[in-house]
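>>> just need the structure, nothing else, for what follows:
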Amino acid sequence: MSSTEPSSINVFLTVLFGRLHTRPYERYVDSFGLTGNEWVLDYGSGSGRLSQPIAERLLHGSGHLTCVDISTVWMNIIQNG
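Here you go, the predicted structure:
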């Protein structure tokens with residue numbers, strides 16, 4: 001495993017925490033004031049937990065979200081939900 005890849009326990013705990021504590025992420029994204037027409041780059045997306053509420057707001061308009069991470073593990077998790 002390269003130094004850019006998280007350990008299995010790190011992935012498990014990060015995904016679990018993200019699923020159990022969604023409201024802080026939603027409040028943070030609310031503070032962005034997105035209208036739904038923005039083009040957003042989420043660099044260092046990690047588990048994609050912050051990307052989900054951003055994507056939900058962009059669904060209401062013609063916005064676009066691109067998620068990028070140097071970790072193939074995290075990118076696979078983001079792509080496969």
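>>> looking at this protein, which helix or strand is least sure?
The helix or strand of the chain with the lowest confidence, counting by mean pLDDT, DSSP states H and E, is helix 72-80 at a mean of 85.
>>> and the next helix or strand past the longest helix along the chain?
Using DSSP state H, we find that the single longest helix of the chain is helix 8-20. Tracing the chain past helix 8-20, the next element assigned as helix or strand by DSSP states H and E is helix 23-30.
>>> what lies in contact with stretch 4-18?
By CB atoms under 8 Å, 6 or more residues apart in numbering, the residues outside stretch 4-18 that reach it are 1, 25, 46-47, 49, 70-74, 77. All C-beta atoms are positioned from the backbone trio N, CA, C, and that covers glycine.
>>> same for the least confident helix or strand of the chain, what does it pack against?
Contacts defined by 3 or more CB pairs under 8 Å, 6 or more residues apart in numbering; DSSP states H and E place helix 72-80 against helix 8-20.
>>> what about 10 Å?
Judged by 3 or more CB pairs under 10 Å, 6 or more residues apart in numbering; DSSP states H and E, helix 72-80 is in contact with helix 8-20, strand 64-68.
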